[in-house]
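1. got a structure for you, letters missing:
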Ligand SMILES: Cc1cc2nc3c(=O)[nH]c(=O)nc-3n(C[C@H](O)[C@H](O)[C@H](O)COP(=O)(O)OP(=O)(O)OC[C@H]3O[C@@H](n4cnc5c(N)ncnc54)[C@H](O)[C@@H]3O)c2cc1C
């Protein structure tokens, strides 16, 4: 009989690993997924014909391998599409120009323009912040001068980079940090920036600095990932691509079991022999590839040394709640340059920096893909995003209380009129963000313990406790499959995914 790989989780990493195993080996993949849907955090939910992401999901990667892999699953539509849909004239033109194969029209990715700005003092600021007339007008001359001087100070005096706060101040100066980064980042993580490891900045903000922003404007040098202006997006949201991967897995003979939670992982020495599920199945296996939160994986294993258990128990997460609102229109200005349709600005998403609200970010799904919205011409479909902890009041609110609170906050800061709300829905995502605080700085203890297992591999975002985008999860799954097919008995290549040089130097 052939070999079997149990894969825990039907998110991007689990699905990628299954399809790669089917393409490159005779190993039979069995995916066990606790929820009743495909895609993990990158799923797309459908509420009465309106589709939404759990946070908008850009398909973008520095890795051509990943971009090509995605393109093989869903080819890129021939021409830009949002404007085509919104401006009838252009729709006609593009339909003639390079319309995709009519039989495949729905199975495509769109190329999308990224527009994301910061909403602060009821005004829009460019993201990243640019030094232009609009910024000076919105911030005021005195504040602007303060920003300038504190930035100059940050060039002369560099702080030792012990925390995310040091990381930001070294790159932007105290005043800009306090104005544009501090509140949002603290909303996101629920702790002070001074308590977050600088690693998070190194991974997410990468080489971004005022100098790089200026070079970017002047088109000098290599672009920073955070500034990329185009991204791909499946016509019906990220879940469409992952559901297509799932279809291909099953077509090739792989198994996917939804509503099947892994509760126990049985070992004999350094080998995993089987996994046990919530419905009392014991599934023998030759390999286990896990994308479940590593904290829970350690808990489900027996014979874990005390120090490893302690570090695992101390790993922390940030959870996520989002309210989808269907609106007649948005309240924001209907000016020629700002707005296209239904009072809606051109942004794909907006960072909320306003004080006095807990709202963190707003997604404008019409701008991600008009195909997400049942009646894109007459309604606006937005996602109001909140970062929280599973135990806190925000998480504990009923769906009704939560959406009411979200509506009130959006109205309070002038984004919407309460009367414009036609429908609402809410979703929860536990452990949406693996945190770079708690016992994260001792994570190597867990890594060294896991590396002793010859047939257990962790991959993906919560699997490796890494702040991964989808591409990193895909790459980690590919690296795991490569190690299974051609063993080197060295996991470095797997752990190195999304651990850029800057990160290593600090370690
Ligand atoms: C708000 C937000 C916005 C984002 N935006 C982007 C973006 O624009 N671009 C981008 O590339 N990435 C984005 N991401 C990141 C992206 O969502 C993740 O990188 C990706 O989903 C991680 O894939 P994964 O397979 O590693 O993990 P997950 O998506 O977390 O999948 C893991 C799966 O394992 C399942 N599971 C867990 N425990 C068990 C168990 N015991 N038994 C069985 N199944 C289990 C879970 O239910 C889940 O389905 C965003 C994330 C968030 C939270």
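-> Structure received. Remember, predicted model here, so these are calculated numbers, not experimental data.

2. shaky segments in the stretch 1-150 of the chain?
-> Scanning the stretch 1-150 of the chain for pLDDT under 70 picks out 1, 78-104, 128-131.

3. For it, which residues are neighbours of the ligand?
-> Neighbours of the ligand within the stretch 1-150 of the chain, by Cβ under 6 Å from any ligand atom: 8-14, 32-35, 40-42, 54-58. Yep, even glycine has a C-beta here, placed from its N, CA and C like the rest.

4. Now intersect these with the strands, please.
-> Of those, the ones assigned to strands by DSSP state E are 8, 32.

5. In PyMOL, how would I select the buried members of the residues of the stretch 1-150 of the chain next to the ligand?
-> Entered in PyMOL, the line below selects the buried ones among those, by 16 or more other Cβ atoms under 10 Å:
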select buried, resi 8+9+10+11+12+13+14+32+33+34+40+41+42+54+55+56+57+58
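
6. For the stretch 301-450 of the chain, which segments count as helices?
-> Assigned by DSSP state H, counting those that start in this stretch, the stretch 301-450 of the chain shows helices spanning 306-313, 365-368, 393-396, 399-412, 443-450.

7. Off-centre distance for the strand ranked longest in the chain?
-> Assignment by DSSP E gives strand 421-438 as the longest strand of the chain. Remark: strand 421-438 is offset 11 Å from the chain centroid, using Cα atoms, centre = their mean, to the nearest Å.

8. how about the nearest residue to residue 414, chain neighbours excluded?
-> Closest residue to residue 414 apart from its sequence neighbours, by Cβ to Cβ, 6 or more residues apart in numbering: residue 122 at 5.3 Å.

9. Over to residue 455?
-> Nearest residue to residue 455, sequence neighbours excluded (Cβ to Cβ, 6+ apart): residue 287, at 4.9 Å.

10. ok, that neighbour to residue 453 distance?
-> Separation of residue 287 from residue 453 (Cβ to Cβ, to the nearest Å): 10 Å.

11. do the same with residue 57
-> Distance of residue 57 to residue 453, given as Cβ to Cβ: 31 Å.

12. which stretches of the stretch 251-400 of the chain have low pLDDT?
-> Applying pLDDT under 70 to the stretch 251-400 of the chain flags the ranges 333-343.

13. List the buried residues in stretch 406-416.
-> 406, 407, 409, 410, 411, 413, 415, 416.

14. what's near enough to touch the first one?
-> Under the criterion of Cβ atoms under 8 Å, 6 or more residues apart in numbering, the contact list for residue 406 reads 323, 325, 359, 384, 386, 424, 426.

15. neighbours of the second one, just the number please.
-> Think residue 325. Residue 325 is flanked by 26 other residues according to other Cβ atoms under 10 Å.

16. returning to what we had before: adding distance to the ligand, write the contacts of residue 406 out as TSV.
-> Converted to TSV, these look like this (distance: Cβ to the nearest ligand atom, whole Å):
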residue	distance to the ligand
323	13
325	17
359	14
384	12
386	10
424	19
426	14
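
17. Sort out for me which of these are in strands.
-> Among the contacts of residue 406, the members falling in strands (DSSP E) are 323, 325, 384, 386, 424, 426.

18. Enumerate every residue touching the fifth one.
-> If a contact means Cβ under 8 Å, 6+ apart, then residue 424 has 323, 324, 325, 326, 403, 406, 407 as its contacts.

19. and if we set it to 6 Å?
-> For residue 424, the contact set (Cβ atoms under 6 Å, 6 or more residues apart in numbering) comprises 325, 403.

20. what does the second one give?
-> Contact analysis of residue 325 by Cβ under 6 Å, 6+ apart lists 382, 421, 424.

21. let's go with 7 Å and repeat that
-> Residue 325 makes contacts with 382, 384, 407, 421, 424, as judged by Cβ atoms under 7 Å, 6 or more residues apart in numbering.

22. ok, so what distance separates the third one from the ligand?
-> Residue 407 sits 20 Å away from the ligand, taking Cβ to the nearest ligand atom, to the nearest Å as the criterion.

23. and that residue, what does it touch?
-> When contacts are counted by Cβ under 7 Å, 6+ apart, residue 407 touches 325, 418, 421.

24. The same query, at a cut-off of 10 Å, please.
-> Residues counted as contacts of residue 407 (Cβ atoms under 10 Å, 6 or more residues apart in numbering) are 323, 325, 327, 384, 416, 417, 418, 420, 421, 424.

25. ok, the third one to residue 293 distance?
-> For residue 327, the distance to residue 293 (Cβ to Cβ) stands at 35 Å.

26. what about these two, which has more around it?
-> Just comparing residue 327 and residue 293: by other Cβ under 10 Å the higher neighbour count belongs to residue 327, 24 against 21.

27. And the residue of the stretch 251-400 of the chain found nearest the ligand, how far from residue 252?
-> For the stretch 251-400 of the chain and the ligand, the shortest gap (Cβ to the nearest ligand atom) falls at residue 292, measuring 3.3 Å. Between residue 292 and residue 252 the computed distance is 24 Å (Cβ to Cβ).

28. For these two, indicate the residue with more neighbours.
-> Neighbours were counted for residue 292 and for residue 252 using other Cβ under 10 Å; residue 292 has more, 23 against 13.

29. Identify the residues contacting the closest residue to the more buried one other than its chain neighbours.
-> Nearest residue to residue 292, sequence neighbours excluded (Cβ to Cβ, 6+ apart): residue 8, at 4.7 Å. Contacts for residue 8 (Cβ under 10 Å, 6+ apart) come out as 14, 30-34, 260-262, 265, 275, 277, 288-292, 296-297, 300, 458-460, 463.

30. what bridges to residue 8?
-> Per DSSP bridges, the residues bridged to residue 8 are residue 32, residue 290.

31. show me what contacts the residue lying closest to residue 191 once chain neighbours are set aside?
-> Nearest residue to residue 191 in three dimensions, chain neighbours excluded: residue 437, at 6.1 Å (Cβ to Cβ, 6+ apart). Residue 437 makes contact with 163-164, 189-192, 195-197, 200, 314-316, according to Cβ under 10 Å, 6+ apart.

32. what do you get if the cut-off is 7 Å, keeping everything else the same?
-> With the criterion set at Cβ under 7 Å, 6+ apart, residue 437 makes contact with 191, 195, 196, 197, 316.

33. just residue 413 next, same as before
-> Shown in contact with residue 413 (Cβ under 7 Å, 6+ apart): 122, 354, 357.

34. and what of residue 415?
-> Residues near residue 415 by Cβ under 7 Å, 6+ apart: 330, 331, 332, 362.

35. same thing with residue 479?
-> Taking Cβ under 7 Å, 6+ apart as the criterion, residue 479 is in contact with 493, 494, 497.

36. now these in CSV, with neighbour count?
-> Output for those, formatted as CSV (neighbours: other Cβ atoms under 10 Å):
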residue, neighbour count
493, 15
494, 20
497, 22
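
37. Which of those residues fall in strands?
-> Counting by DSSP E, none of the members of the contacts of residue 479 fall within strands.

38. nearest to residue 156, of the residues you listed?
-> Of all the contacts of residue 479, residue 497 has the smallest distance to residue 156: 36.6 Å, by Cβ to Cβ.

39. Need the per-residue pLDDT for that closest one.
-> Predicted confidence (pLDDT) at residue 497: the value is 93.

40. That one and residue 13, how far apart?
-> Taking Cβ to Cβ, one finds residue 497 at 10 Å from residue 13.

41. which neighbours do these two share?
-> With Cβ under 7 Å, 6+ apart, residue 497 and residue 13 have common neighbours residue 476.

42. Give the burial count for the closest residue to the ligand within the stretch 301-450 of the chain, as a bare number.
-> Using Cβ to the nearest ligand atom, the single residue of the stretch 301-450 of the chain nearest to the ligand is residue 432, 3.8 Å away. Other residues within reach of residue 432, judged by other Cβ under 10 Å, total 20.
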